[in-house]
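Student: Could you work out the structure for the sequence below:
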Amino acid sequence: MPALLICSTLLLAACGQQLPAWHSGKLVIVVPEIEQGAEAEFERELAQLFAVQLHATLETVPLSQDKISAALTGHQAHLAAASLRSEINNTALQFGPSYQSVRELLVCNRDRSSMTELADLKGKEFAVVAGSAQEVALREAQGNLPALQWQARHNFTAMDLLAEVAEGTLDCTVANQLQLAEARNYHPNLVAALDVAPPSRLAWGFPMDVDPGLLGQVQIFFARIRQDGTLHRLMDRYYGHNNRLDRQDAAAFITGIRTVLPRYRPLFEEAATITGEDWRLLAALAYQESQWDPLATSYTNVRGMMMLTEDTADRMKVNNRLDARESILAGAKYLMLLKEQMPSRIPEPDRTWLALAAYNNGYGHLEDARVLTHRAGLNRDSWLDVKKQMPLLNRPGYYRTLKHGYARGGEAVILVESIRNYYDMLKRLEPGPTQSASEQISYQLIGPLQRLLR
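Tutor: Residues are numbered from 1 along each chain as shown. Now for the predicted structure:
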């Protein structure tokens, strides 16, 4: 392997290089390993945005949680963007402003354990990821319960340990509420027994002798992205679509992946080749529409795997809506057509989520929702903003002022969010050639939506 490539994957110190000054045009940031899933993707995007603010080239150094502190104290990176629990009494690191607060939960198998307090862990198989925010929370709890003991697992992720708890090889672990929400899609027998410590206030980490100028730039960065909505949009992108499915829905979907999907996967892959869409997105859409039943028919006479209306089927030149191949190809092409209709300025992934809403409600009703979004002073090109307005399409005071009238906009929101969840589950269970984890977790938004739909 060429020396330059080796140096790009290892810490600078390992290659004998000196860490450049942060204002020299090159920024070195420790990030989570990609196996951490949405957390890794979220932090990497934040790091990239920060580098843009500094007009710097970004070099990311993926590290496991237990190696981050040593990397920073050894001046092998300028900072760590790695969802660290900001500790008041940490003598090795400084922390930037908190940008997210998450509960740290003792998670057990509800079929095997009934914990009511941390002292109940005595004699149990109990492990956490070494160096993680969860282990930091346990060390804080240990101050009040000195007998508290656990295994610190190296080279593991929270999802690995949660899977062990679900399978019964571990009694319990600690995970934050986001990690647990993700894991419950695959392991519905997981239960949060109790909070192990006050919530983690996540922040970036720095060596104790960090240049105050760099710390000041980070404070400016987080203040800006919080004020202009960027932080909220990123949280919604990576964490905004979990917890929409109950345990039965998730379990049925996973069963379908194993038993039904293999029969139709070649058709989704064919449609993906033609349209350029990810076959897993098309499969997620089909599951939401018909649970992969090519003979599905609704009371409104939408039919087939992709639940096409007669008008849409005619437009896409479908001869038989109940033919799985015809339906999948037509549905994929129709989704592509909806995306092409939208203004070119709309970026991904918002373009896809908006197109899925139009797939359900029709393009005209999507445009009405975008009008409402604009009237509300929000961004009509952002799914995060449009989905707040779509449920209003069934209210006379709103739909009577719009071109296309009444629509069940709340139904479209639920459909899109469910598809996003199915899609991310498929990305984890059916990873692509260069993908090792999916982008997801939780950010509970369904409650307010339910109130709007009443």
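Student: Based on its surroundings, how many neighbours for the closest residue to Ala147 other than its chain neighbours?
Tutor: Closest residue to Ala147 apart from its sequence neighbours, by C-beta to C-beta, 6 or more residues apart in numbering: Lys122 at 6.9 Å. Yep, even glycine has a C-beta here, placed from its N, CA and C like the rest. Counted with other C-beta atoms under 10 Å, the neighbours of Lys122 add up to 11.
Student: and what of Glu35?
Tutor: Glu35, neighbours per other C-beta under 10 Å, totals 16.
Student: In this structure it contacts Thr157, no?
Tutor: Yes: counting by C-beta atoms under 8 Å, Glu35 does reach Thr157; the two are 5.3 Å apart.
Student: separation between Phe222 and Leu63?
Tutor: 22 Å (C-beta to C-beta, to the nearest Å).
Student: who's more crowded, those two?
Tutor: Neighbours around Phe222 and Leu63, counted as other C-beta under 10 Å, are more numerous at Leu63. The numbers are 22 against 19.
Student: Spatially nearest residue to the more buried one (excluding sequence neighbours)?
Tutor: That would be Val30: by C-beta to C-beta, 6+ apart, it lies 5.2 Å from Leu63.
Student: can you tell me the average pLDDT over whatever helix or strand the one you found lives in?
Tutor: In this assignment (DSSP states H and E), Val30 forms part of strand 26-32. Taken as a whole, strand 26-32 has an average pLDDT of 96.
Student: Does anything pack onto that strand? Which helices or strands?
Tutor: helix 38-53, strand 57-63, helix 68-73, strand 79-85 (3 or more C-beta pairs under 8 Å, 6 or more residues apart in numbering; DSSP states H and E).
Student: list the contacts for Leu329?
Tutor: Applying C-beta atoms under 8 Å, 6 or more residues apart in numbering to Leu329 gives the contacts 267, 270-271, 274.
Student: ugh, wrong one, I meant Ala51
Tutor: 27, 29, 57-58.
Student: Outline the domain layout of the protein.
Tutor: 3-100+209-239, 104-198, 247-453 (automatic domain parsing).
Student: Using a markdown table, lay out the helices and strands packed on strand 26-32 together with distance to Val174.
Tutor: Shown next, in a markdown table, are the helices and strands packed on strand 26-32 (distance: least, C-beta to C-beta, whole Å):
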| stretch | distance to Val174 |
| --- | --- |
| helix 38-53 | 15 |
| strand 57-63 | 20 |
| helix 68-73 | 18 |
| strand 79-85 | 11 |
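Student: coming back round to it: now do the residue nearest to Leu63 against Leu267, distance only.
Tutor: 43 Å.
Student: out of these two, which sits in the busier spot?
Tutor: Ranked by neighbour count (other C-beta under 10 Å), Val30 and Leu267 place Val30 first, with 26 against 22.
Student: Is the more buried one in contact with Val61, as I believe?
Tutor: Yes: applying C-beta under 8 Å as the test, Val30 and Val61 come out as touching, 4.9 Å apart.
Student: Could you pull out the residues contacting both of these two?
Tutor: 71, 77.
Student: Any regions of the stretch 101-250 of the chain where pLDDT drops low?
Tutor: 185-186, 240-247 (pLDDT under 70).
Student: And the strands in it?
Tutor: 104-109, 126-129, 151-153, 172-176, 190-195, 200-207 (DSSP state E, counting those that start in this stretch).
Student: got the contact list for Gln100?
Tutor: Neighbours of Gln100 in contact, by C-beta under 8 Å, 6+ apart: 83, 201-202, 235.
Student: and if you look at Tyr423?
Tutor: 278, 280-281, 284.
Student: ok, now with 7 Å
Tutor: Each residue near Tyr423 by C-beta atoms under 7 Å, 6 or more residues apart in numbering is listed here: 280-281, 284.
Student: Redo those residues as CSV? Include neighbour count and pLDDT.
Tutor: Shown next, in CSV, are those (neighbours: other C-beta atoms under 10 Å; pLDDT from 0 to 100):
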residue, neighbour count, pLDDT
Arg280, 24, 97
Leu281, 22, 97
Ala284, 24, 96
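Student: Closest one of the residues you listed to Val386?
Tutor: Leu281 (18.7 Å; C-beta to C-beta).
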